[in-house]
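Visitor: for reference, the sequence and a predicted model appear below.
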Amino acid sequence: MSCCINKQGGKAVTYEHILLEKDDHVAIVTLNRPERLNALNPTLWEEIIGIGEELHADDTVRAVVFTGAGRGFCSGADVGPAPANGSAEAPTLSREEMLDEYGRIGRQALSIYQRLDKPTIAAVNGVAAGAGYSLALACDLRVGTENTRFNTMFLQRNISADSGMSYFLPRIVGYSRAIDLIYSSRFVGYEEAYRIGLLDRVFDTETLVSDAVQLAKDMSKWPPVATQMAKRVLQHSMGASLEDQLRFEVHGLSVARRAANDQKESRDFFLEKRDPNFTGT
């Protein structure tokens, strides 16, 4: 097992294909199947779900960074043969059955991360393809390097956009660009990705994860409840009318103000000209 994380119900939780580290209030989640470019098999999908539930319940974590071990972020669903050394589970399903199963688990996982009430950043080191592309899109921000590449891949595998791709991609880059990226099934390099909004920032290859963690720390210094409500309000806006959204903004404001200590701290740190110390209480 590659990593042991916080205890749940008195039992230590271990993961086979995920590494979890914590740096102050930031969790760093690393997909750890580098020999398969971190391709998603059922075990890894289930572990992604488990990590998501763990982070949702952990109030000490205020922001999350996702990345991949080795040369890439995630190459999508693992539908290839098991390695010759037998280290991977032997496939027991047909290719079509595997794709159906991966789609089912992937939709569950991406729904969890979309609902995660903390800022999420995908540090896309290398390729993000297929469902791995969708996993990056499910994060609030994506950062990369000159080695970052995206490919929808679905049409190449004779399937339509899956794993949340049809939801996230047009909302991030617009409908016509999403159509282009899906129909062409081409690789998109970091420059085009930054230009069309797939990447929000570009960092040096050597410092990608540390820069992403610093960005997450910058986000995690603000009031936790207000940050959570800001995310919920923005997500709600994607399918709301103006009138409905204005009402939901009022709801967000009222929830954030219930954190009385942070309400006071928001005034004090400014007047005292010091760094803030928000607690979420």
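Guide: Thanks, I have it. Residues are numbered from 1 along each chain as shown.
Visitor: stretch 133-152 - what's its average pLDDT?
Guide: Averaged over stretch 133-152, pLDDT sits at 97.
Visitor: give the buried residues for it.
Guide: By neighbour count on 16 or more other C-beta atoms under 10 Å, the buried set for stretch 133-152 is 133-145, 147-152. Yep, even glycine has a C-beta here, placed from its N, CA and C like the rest.
Visitor: tell me where the stretch 151-281 of the chain has strands.
Guide: Taking DSSP state E, counting those that start in this stretch as the test, the strands found in the stretch 151-281 of the chain are 188-189, 201-202.
Visitor: let me know the pLDDT of residue 113.
Guide: pLDDT at residue 113 comes out at 81.
Visitor: residues in contact with it?
Guide: Residue 113 makes contact with 48, 52, 120, 135, 138-139 under the criterion C-beta atoms under 8 Å, 6 or more residues apart in numbering.
Visitor: can you redo the residues you listed as TSV with secondary structure?
Guide: Below are these laid out as TSV (DSSP: H, G, I helix; E, B strand; the rest coil):
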residue	secondary structure
48	helix
52	helix
120	strand
135	helix
138	coil
139	coil
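Visitor: got a list of what the residue most central in space within the chain touches?
Guide: By C-alpha atoms, centre = their mean, the mean C-alpha position of the chain lies nearest to residue 139, the distance being 3.5 Å. By C-beta under 8 Å, 6+ apart, the contact set of residue 139 is 66, 113, 120-122.
Visitor: neighbour-wise, which of these leads?
Guide: With neighbours taken as other C-beta atoms under 10 Å, the top of these is residue 122, carrying 31 neighbours.
Visitor: and that one, how far is that from residue 150?
Guide: Distance, residue 122 to residue 150, by C-beta to C-beta, to the nearest Å: 11 Å.
Visitor: next, show the common contact partners of these two.
Guide: With C-beta under 8 Å, 6+ apart as the test, residue 122 and residue 150 both reach 128, 136.
Visitor: mind checking how far the nearest residue to residue 145 once chain neighbours are set aside is from residue 157?
Guide: Excluding its sequence neighbours, the residue lying closest to residue 145 (C-beta to C-beta, 6 or more residues apart in numbering) is residue 205, at 4.3 Å. Distance, residue 205 to residue 157, by C-beta to C-beta: 29 Å.
Visitor: sorry, back to before: may I ask which two of the contacts of residue 139 are separated the most?
Guide: By the measure C-beta to C-beta, 113 and 121 form the most distant pair in these, at 11.7 Å.
Visitor: hmm, back to that, contact partners for the residue nearest to residue 145?
Guide: 125, 145-147.
Visitor: which among those residues gets closest to residue 270?
Guide: Proximity of those to residue 270 (C-beta to C-beta) peaks at residue 145, which lies at 35.7 Å.
Visitor: count the residues that sit near the residue nearest to residue 131 when sequence neighbours are not counted.
Guide: Among residues not flanking residue 131 along the chain, residue 163 sits closest, at 4.0 Å (C-beta to C-beta, 6+ apart). For residue 163, the neighbour count with other C-beta under 10 Å is 27.
Visitor: what sits against residue 163?
Guide: Counting by C-beta under 8 Å, 6+ apart, residue 163 touches 102-103, 106-107, 110, 130-131, 134-135.
Visitor: repeat for residue 262
Guide: Residue 262 touches 223-226, 278-281, counting by C-beta under 8 Å, 6+ apart.
Visitor: buried ones only from those residues, please, as a PyMOL command.
Guide: Per 16+ other C-beta under 10 Å, the buried members of those correspond to this PyMOL selection:
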select buried, resi 223+224+225+226+278
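Visitor: and stretch 218-238, how far from the chain's centre?
Guide: 15 Å (C-alpha atoms, centre = their mean, to the nearest Å).
Visitor: buried set for it?
Guide: Buried, per 16+ other C-beta under 10 Å, within stretch 218-238: 219-220, 222-233, 236.
Visitor: in strands, which of the contacts of residue 139 appear?
Guide: Taking DSSP state E as the definition of strands, these contribute 66, 120-122.
Visitor: let's have the residues you listed in CSV, adding distance to residue 186 and pLDDT.
Guide: As requested, the ones in strands among the contacts of residue 139 are exported to CSV (distance: C-beta to C-beta, whole Å; pLDDT from 0 to 100):
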residue, distance to residue 186, pLDDT
66, 24, 97
120, 26, 97
121, 25, 98
122, 20, 98
